[in-house]
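In: with the sequence up front, the predicted model follows.
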Amino acid sequence: MQQGKPIKLNGKPVKLPLICTPLVGRTKAQILAEVALIVGKQPDLLEWRVDFFEGIGNSSAVIDVAASIKQAAGGIPILFTRRSIKEGGQEIPLNEDAVVALYAEVCKSRTVDIVDFEMGNDPQHIRQVRAASKANDTQLILSFHHFQQTPPLESLNQKFLLAQELGADIAKVAVMPQSLDDVLTLLTATSQSSQKLDIPLVSMSMGGPGSLTRLFGWTFGSAMVFAIGGSSSAPGQVPIEDLNTVMGIVQKAIAGK
């Protein structure tokens, strides 16, 4: 079985793959209700998609919610993500300078464990987020999303490599397949890059056919899989209960049990 590199949390490698569930509530009450629903399902990571939060324009409100999530999560690490509208996120009332400032404040608050920032952003902004995350012992995912198609194999490998060259702790690529061949392309890139890169990587195809990568992509070297705990944040995510069942079956089969 392809062995990917594990993501480190608190300086220590954690299991492969991490199961991450999204939080997409619009209000603090909705978000904390999601946390309460999800925690009992025992994900390895909670992703707060802050672009869904109606109070994103107020950094103090964002940090307050982040702190409340951390307290309610019972030790489950937190991934903080503003997904831009150009890569499938929600429209927000902040310009990119303000987004970077928000990331810096959140890192400084030490209420989250990992932040996700898109590698297609302005290079200076990437450097600023990298500096803020490193200064506050926060892991940085640099990500790329294509919601229309799957780029060619070499292009996908270049995206993984670019994340590493830009200083990411974790590289992430998510694409939309038009066929099962596209799914195979993504899995091939995952396998090749996971063996070449020095950092962990996360990959997925989206939509119906792409759900196969969420179920089995970890066997090709992806260190994290996103599953539905309460609500979905991207097409093709599967419920965490179903993912645990499939992963258990595959892990036993691979071990010859």
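Out: Nice, I can see it.
In: the nearest residue to G55 once chain neighbours are set aside sits in which helix or strand?
Out: Closest residue in space to G55, ignoring its immediate chain neighbours: A61 at 4.0 Å, by C-beta to C-beta, 6 or more residues apart in numbering. C-beta: built from backbone N, CA, C; applies to glycine. Assigned by DSSP states H and E, A61 belongs to helix 59-72.
In: quick one: distance of that helix to the chain centre.
Out: The chain centre lies 19 Å from the centre of helix 59-72; the measure is C-alpha atoms, centre = their mean, to the nearest Å.
In: can you mark which positions in that helix are buried?
Out: S59, V62, I63, V65, A66, I69, K70, A72 (16 or more other C-beta atoms under 10 Å).
In: do the same with stretch 140-147
Out: For stretch 140-147, by 16+ other C-beta under 10 Å, it's L140, I141, L142, S143, F144, H145, H146.
In: ok, now stretch 117-132?
Out: In stretch 117-132, counting by 16+ other C-beta under 10 Å, buried: F117, E118, M119, N121, H125, I126, Q128, V129, R130, A132.
In: how about stretch 183-192?
Out: Using 16+ other C-beta under 10 Å as the test for burial, stretch 183-192 gives V183, L184, T185, L186, L187, A189, T190, S191, Q192.
In: next helix or strand past the host helix or strand of the second one?
Out: Taking DSSP H and E as the definition, L184 sits inside helix 180-196. Using DSSP H and E, the helix or strand that follows helix 180-196 towards the C-terminus is strand 201-205.
In: following the chain past that next one, name the next helix or strand.
Out: The helix or strand immediately downstream of strand 201-205 is helix 207-216, counting by DSSP H and E.
In: quick one: strands adjacent to the next helix-or-strand element following that next one?
Out: Toward the C-terminus, helix 207-216 is succeeded by strand 224-228 as the next helix or strand (DSSP H and E). As defined by DSSP bridges, the strand partners of strand 224-228 come to strand 18-23 (parallel), strand 238-239 (parallel).
In: would you list the ones you listed in TSV and tack on mean neighbour count, distance to V39 and mean pLDDT?
Out: Output for the strands paired with strand 224-228, formatted as TSV (neighbours: other C-beta atoms under 10 Å; distance: least, C-beta to C-beta, whole Å; pLDDT from 0 to 100):
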stretch	mean neighbour count	distance to V39	mean pLDDT
strand 18-23	25	10	93
strand 238-239	16	15	84
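In: now distance to V250 too, for those strands, in TSV please.
Out: Below are the strands paired with strand 224-228 laid out as TSV (distance: least, C-beta to C-beta, whole Å):
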stretch	distance to V250
strand 18-23	14
strand 238-239	14
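In: export only the CA atoms of the helix holding A61, formatted as CSV.
Out: The C-alpha trace of helix 59-72 is given here as CSV (Å, rounded to 0.1, in the frame of the first residue of the first chain):
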residue,chain,number,x,y,z
SER,A,59,-11.9,39.8,13.6
SER,A,60,-12.8,39.9,17.3
ALA,A,61,-16.0,37.9,16.5
VAL,A,62,-14.0,35.4,14.4
ILE,A,63,-11.5,34.8,17.2
ASP,A,64,-14.3,34.5,19.8
VAL,A,65,-16.0,31.8,17.7
ALA,A,66,-12.6,30.1,17.1
ALA,A,67,-12.0,30.0,20.8
SER,A,68,-15.5,28.6,21.4
ILE,A,69,-15.0,25.9,18.8
LYS,A,70,-11.7,24.9,20.4
GLN,A,71,-13.3,24.7,23.8
ALA,A,72,-16.3,22.7,22.6
